[in-house]
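1. Let's see this in three dimensions:
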Amino acid sequence: MIVLENSISRRSTIALGVAWMAATIVGCKAEPEGAHITGSVTLDGAPIPQATIVFRPTGQLTGASTEAQVTDGKFDVRQASGVLGVHRVEIYAHRPLANPPPTPPGPLPPGQQPPATTQQYLPEQYNRQSRLSFSVEPGENVANFELSSRR
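-> Residues are numbered from 1 along each chain as shown. Down below sits the predicted model:
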């Protein structure tokens, strides 16, 4: 009789454990769905050859920014963080200086940077003082930005 009680008690404990694990799995929240953003960036109607595009959460949104490289006016970025909603968009494009300053010979003193050889050529309204925005939704998104060099 004692052996039978231990066997029933063991089966009950196992059944209870399995039921608890099933309830835990069913009750768990799914990971937030990410977003896939593709699109284009043009300046005065022409594709931007090389740039960086950044999607920064705004307002009440918290989370990491998402960035991608723009090549021949196209970009493709996956946002796995699940930060959905309105994002501020910043676009940075650099080109070589026509007359870059000469690089001083030898090592630079501590804390000194080499002279810049490129310049940011997009107006600040598209990057540091961006007024661009885009609402990132779950799944597939298309974001096209037609920029103008005129301020």
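
2. for Pro96, what are its contacts?
-> Thr117, Thr118 (C-beta atoms under 8 Å, 6 or more residues apart in numbering). All C-beta spots, glycine's among them, are computed from the backbone N, C-alpha and C.

3. which strand residues sit across from it in the sheet?
-> Judged by DSSP bridges, the bridge partners of Pro96 are Thr118.

4. Return the distance of it relative to Glu146.
-> Distance of Pro96 to Glu146, given as C-beta to C-beta, to the nearest Å: 25 Å.

5. what do you get for Gly45?
-> Applying C-beta to C-beta, the value for Gly45 to Glu146 is 8 Å.

6. Now do the strands in this structure.
-> With DSSP state E, the ranges of strands along the chain come out as 35-43, 46-47, 50-57, 66-71, 74-79, 85-92, 94-96, 118-120, 132-136, 139-147.

7. Now render the ones you listed as CSV, adding mean pLDDT.
-> What follows is those, written out as CSV (pLDDT from 0 to 100):
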stretch, mean pLDDT
strand 35-43, 96
strand 46-47, 98
strand 50-57, 95
strand 66-71, 95
strand 74-79, 92
strand 85-92, 95
strand 94-96, 89
strand 118-120, 88
strand 132-136, 95
strand 139-147, 96
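
8. Can you check which of those gets nearest to Gln112?
-> Of all the strands of the chain, it is strand 118-120 that lies closest to Gln112, at 18.1 Å by C-beta to C-beta.

9. Can you name every helix or strand that the closest one contacts?
-> Packed against strand 118-120 by the contact rule (3 or more C-beta pairs under 8 Å, 6 or more residues apart in numbering; DSSP states H and E) you find strand 94-96.

10. I'd like to know which of the strands of the chain lies nearest to Gly106.
-> Gly106 lies closest to strand 118-120 among the strands of the chain, at 22.7 Å (C-beta to C-beta).
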